[in-house]
Structure formats: C-alpha cells, structure tokens
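Enquirer: Have a look at this prediction, sequence included:
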Amino acid sequence: MVIMDWLATRCPEAAYAMKVDSDMFLNIDNLVMMLQKPDIPKLNYLTGMLMRNRPVNPLKELQVVRPCGDVPGAFIPHLHSGHGYVFSNDLPEKIVEASKSIHYFTIEDAYVGACMKKLGLSPQSPPNPSKFKAYNTKFNRCEYSKIITYILGSPKQLVDYWKDLKRPEPPFVGATLWTEVEQLKRPWLNLLLFCLLLFCLVLLVFCSSNSLSWWDSFPLKDRYQRFINPVHRPPLYRDRSKDRVQLNETTEQTTLPPTVPPKALQFHRAYPRNYHFVMDNKEVCKTKTPFLVLMVPVAPKNVAARDAIRQTWGNSSEV
C-alpha cells in the first residue's frame, strides 16, 4: 500500500506502473510494446500472470494481521501473481482508498485482489498470457526474447541471462540448426524407446509365475506398507488448492472494542501518512511524464539483488 500511495501522490502523471519482485527477469522491450497496443485499456487495467480459482489462506499461513476480531471469509476467483503485475496508474489511488475498509494481511497479491474486488474490478488477461512465466529451469535465448517476465533463482542468473540476451547477434541465430539437430535425434530416440519396450515384454514373458513366488511370501500387510502406502510429503509441499482468502467485505469501518485505540481504525500500515520517502522528488514525474514506472521492493541488505537489477532491466532507457 505504501507503493500504491507513492504512485498516487508522487507520480500520478505516469501512464502505467508495474510492481515487480527483485528476483524477476523483466523484458522491458516486450512489456512496452504490449502496453503501446491500441487495444490495451488506459484506465482500470491490471494484468500479469493470472491465477484463476487458486486462492490462498493467510490465516492458515499465520501471515494475517488483524487489528480486532475475526475476519469474515470470502473467495476471490481471479487473482494475479504478485511476482510481477502491471496496471494503469489511475488504480493506485483507488486501491489505497478501498484498502481503508479491508483488513490488512501480508499476502500482497491477494490483498490487492481484495481491493480490486471491492472496487468491482478484476485483473484482465494479457494479450498473450504465455509472456508472463513462472519459474524457469534453464535459459533459452530464443524464448527469453519473447517473454515479459520469468522468476529466477539468483541475481547471478539475472546478470548472466541478460548479458546473453543482449549479445549483438539476433536471438534466433542457431534456432534453425538446433531444430534440425532435434529432428535427427528423434528417430534414434524412437528406436531406443522401441528397444526398451521390447526388452520389457521379453522380461515379462521370461518371468514365469514360479519365479515370482517370492512376492507371495510377503505378508499382505508388509506388501501394502512397502509398495502401496505412499510416503507422506512434508508440510512444505502440502496441497494448497483448497485454501481460501480471509478478508473483510464490509464497506464501512469496523466498530472496534473500547480497548482498541482510535489509530487502529485504519487497517493497513500506510495510514496515517506520517512516513517519509527517501525518493520524494515530485517534480521528476511532472517534468518527464514517464510512460511506465517500475516499483521493486528489495530487502535493505540484499545488495546483490539491487546491483543485478541496476545492471540489467533496471537500467533500461525505455522506462
């Protein structure tokens, strides 16, 4: 909400803004080209990697901050990934205003989604959803030239991938040769799979029922425990598909008990506005009227991430 308030009060002249995490690969060229398309809305627009019917539960994760009482439940069917989402710059002021009547919790993308729902708005699918990617396992120069965002694993990856992408030769050089190599490898792969299948069939015929008598020697309970009962996954990998967002849907301020001070009437930390911005030059946006402003939250001690961003997409002149 502090980011949204800064955009609303310090840089309302910008056409668009984007909140992007510090571990993201951001292709500025593709993002600007997408936003310059004539069919992209100029107002009430928020897009990115959408997560439909994939809610979360801040109470279950112990990440919710409740100033008072229990928080009624609600389901947000259309969420956007908080790793990187772009929005028209008329939304920050509206989102901040809507947040005054919504309980604060620390799952940022879900909270912004709750504010959007309060405004009667929903995130919109980008023109090409495949350009907003999740985690990546390996670098492909051709693919990275087409996408807008990718989640990376380290600042070093960001710098290395960026340098490779910005090499002078076109990103598609070698793509045709690689395709031809793959086509040559495919018949050999099919032959290998056929031989493997044939080997399995021969092995199955060879193993008669007598040779499998050792299996019958196991007690039924042991067989079940050894081969059927799955190993329990650790809590880190639990299924989150049925989690739900907990939020307050009322349009009026919640009545607090007498023991709660009046300052707690404001649900989130952006109020009252008694904070000080280090970057507080309002004249910069007025004179330059930027097309796109990038807002990147970075931990104070994460110097490597800040340096990597400044060496890569954070140093682009298009923004």
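Expert: Good, I have the coordinates. What you are looking at is a predicted structure, and each value in this text was computed from that prediction instead of being measured.
Enquirer: pull the longest strand from the protein.
Expert: If you go by DSSP state E, the chain has its longest strand at strand 78-88.
Enquirer: following it, which helix or strand shows up next?
Expert: Once strand 78-88 ends, the next helix or strand along the chain (criterion: DSSP states H and E) is helix 91-99.
Enquirer: Just the buried residues of that following helix, please?
Expert: Across helix 91-99, burial judged by 16 or more other CB atoms under 10 Å covers Leu91, Pro92, Lys94, Ile95, Val96, Ala98, Ser99. All C-beta spots, glycine's among them, are computed from the backbone N, C-alpha and C.
Enquirer: Repeat that for stretch 134-150.
Expert: Asn136, Arg141, Tyr144, Ile147, Ile148, Thr149, Tyr150.
Enquirer: Just the closest of those residues to Leu197, please.
Expert: Leu197 lies nearest to Asn136 out of the buried residues of stretch 134-150, by CB to CB, at 32.5 Å.
Enquirer: Grab the nearest non-local neighbour of the closest one.
Expert: Distances taken as CB to CB, 6 or more residues apart in numbering put Tyr150 closest to Asn136, at 4.8 Å, once the chain neighbours are dropped.
Enquirer: Please work out the average pLDDT along the helix or strand where that neighbour lies.
Expert: Using DSSP H and E, Tyr150 sits in strand 149-151. In this model, strand 149-151 has a mean pLDDT of 91.
Enquirer: about what we covered before: can you list the buried residues of helix 91-99 in TSV and add distance to Phe194?
Expert: Below are these laid out as TSV (distance: CB to CB, whole Å):
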residue	distance to Phe194
Leu91	57
Pro92	60
Lys94	61
Ile95	58
Val96	63
Ala98	61
Ser99	61
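Enquirer: now, the most widely separated pair of the residues you listed?
Expert: The largest separation in the buried residues of helix 91-99, counting by CB to CB, is between Leu91 and Ser99 at 11.8 Å.
Enquirer: hmm, back to that, partners of the strand holding Tyr150 in the sheet?
Expert: Strand 149-151 pairs in its sheet with strand 24-26 (antiparallel), strand 132-135 (parallel), by DSSP bridges.
Enquirer: Quick check: what element follows the last one along the chain?
Expert: Using DSSP H and E, the helix or strand that follows strand 132-135 in sequence is helix 141-144.
Enquirer: How about the first one?
Expert: In the C-terminal direction, the helix or strand that comes right after strand 24-26 (DSSP H and E) is helix 28-35.
Enquirer: That following helix to strand 78-88, inter-axis angle?
Expert: Interaxial angle of helix 28-35 relative to strand 78-88 (axes from the mean of the first three to the mean of the last three CA atoms, to 10 degrees): 90 degrees.
Enquirer: ok, back up a step: now distance to Arg167 too, for the buried residues of stretch 134-150, in TSV please.
Expert: Shown next, in TSV, are the buried residues of stretch 134-150 (distance: CB to CB, whole Å):
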residue	distance to Arg167
Asn136	19
Arg141	8
Tyr144	12
Ile147	17
Ile148	20
Thr149	21
Tyr150	18
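Enquirer: ok, so of these, who is nearest Trp162?
Expert: When the buried residues of stretch 134-150 are ranked by distance to Trp162 (CB to CB), Tyr144 comes first, at 9.0 Å.
Enquirer: on that earlier part again, which of the strands paired with strand 149-151 has the lowest average pLDDT?
Expert: strand 132-135 - the lowest mean pLDDT of the strands paired with strand 149-151, at a mean of 86.
Enquirer: Could you list the low-confidence segments of the stretch 1-150 of the chain?
Expert: For the stretch 1-150 of the chain, applying pLDDT under 70 flags the ranges 52-79.
Enquirer: repeat that for 90
Expert: In the predicted model of the stretch 1-150 of the chain, residues 1-3, 5-13, 22-23, 48-84, 99-118, 122-123, 125, 129-130, 133-143 satisfy pLDDT under 90.
Enquirer: and what of the stretch 201-319 of the chain?
Expert: Scanning the stretch 201-319 of the chain with the threshold set as pLDDT under 90 gives 201-290, 295-301, 313-319.
Enquirer: still on that earlier bit, okay, the angle between the longest strand of the chain and helix 91-99?
Expert: 140 degrees.
Enquirer: Can you name every helix or strand that strand 78-88 contacts?
Expert: Judged by 3 or more CB pairs under 8 Å, 6 or more residues apart in numbering; DSSP states H and E, the packing partners of strand 78-88 are strand 16-20, strand 24-26, strand 46-52, helix 108-118, strand 132-135, strand 149-151.
Enquirer: could you redo the last one with a cut-off of 6 Å?
Expert: strand 16-20, strand 46-52, helix 108-118 (3 or more CB pairs under 6 Å, 6 or more residues apart in numbering; DSSP states H and E).
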